[in-house]
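Asker: Here is a sequence together with a model predicted from it:
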Amino acid sequence: MLLGGARSGKSAHAERLVTAAPAPWTYIATAQAFDDEMTERVALHQGRREEGWQTVDAPLDLAVAIAGVPDGQPLLIDCLTLWLSNHLLADHDVEAESMKLGDILAKPRGNWVVVANEVGLGIVPDNALARKFRDAAGRLNQKVAAKADRVLFMVAGLPLQVK
C-alpha cells in the first residue's frame, strides 16, 4: 500500500513497483473525468504507462474488477480515495462497499499495489461532507494497511517505509 498526499509521487512509484515484475500488468483505474482538470490528470497517468499494461476502469465496482485479474498477474489499484469519493457522491453504503473490498484485498493472488491518499494530516474540514469523506478515508486506509504486507508513505517523491 502506498499512502501520501496530493502530488507526492504515489502513482509513479506504484507503477515502478509493479513493473519490476514481468508483464502483463493490470492497472485498475478508479478516476472519473468529469472536468478538464481530471481529464488532464488521467491523460498524464495513461501517458506514463508503457506497453504491457492492461487498464480496467472501475470507478465503483472495484471488488469485481480485482476478482477478474488472473492469478499471479501484477496489479495496481489507483486509487482507493477516488473510489471512495465515487461511492460517497453516489450516496452508496460506504461501509458495505469497504467491507466487500477488504474481503478481496485480504486474499491477494499475486503482487498487488494499492494507492490511496492520506487526507487526515491537514486542518479539520469546515463542512459535513468533507469531514465524512476524511473520516471514511481514514477508516478505509486503516483496514487496507492492516491487511497489507508492506505500507509506504510517499513524501516529495520519496518512499518512507511504515510497515
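Answerer: Great, that's in hand. Remember, predicted model here, so these are calculated numbers, not experimental data.

Asker: For His87, give me its contacts.
Answerer: By CB atoms under 8 Å, 6 or more residues apart in numbering, the contact list for His87 reads Leu60, Val94, Glu97. All C-beta spots, glycine's among them, are computed from the backbone N, C-alpha and C.

Asker: among those, who's most crowded?
Answerer: Among the contacts of His87, the one with the most neighbours (other CB atoms under 10 Å) is Glu97, at 22 neighbours.

Asker: name the element it belongs to?
Answerer: Glu97 belongs to helix 94-105 when assigned by DSSP states H and E.

Asker: Which strands and helices lie in contact with that helix?
Answerer: When contacts are defined as 3 or more CB pairs under 8 Å, 6 or more residues apart in numbering; DSSP states H and E, helix 94-105 sits against helix 62-67, helix 80-89, helix 128-147.

Asker: out of those, nearest to Ala43?
Answerer: Nearest to Ala43, of all the helices and strands packed on helix 94-105, is helix 80-89, at 15.5 Å by CB to CB.
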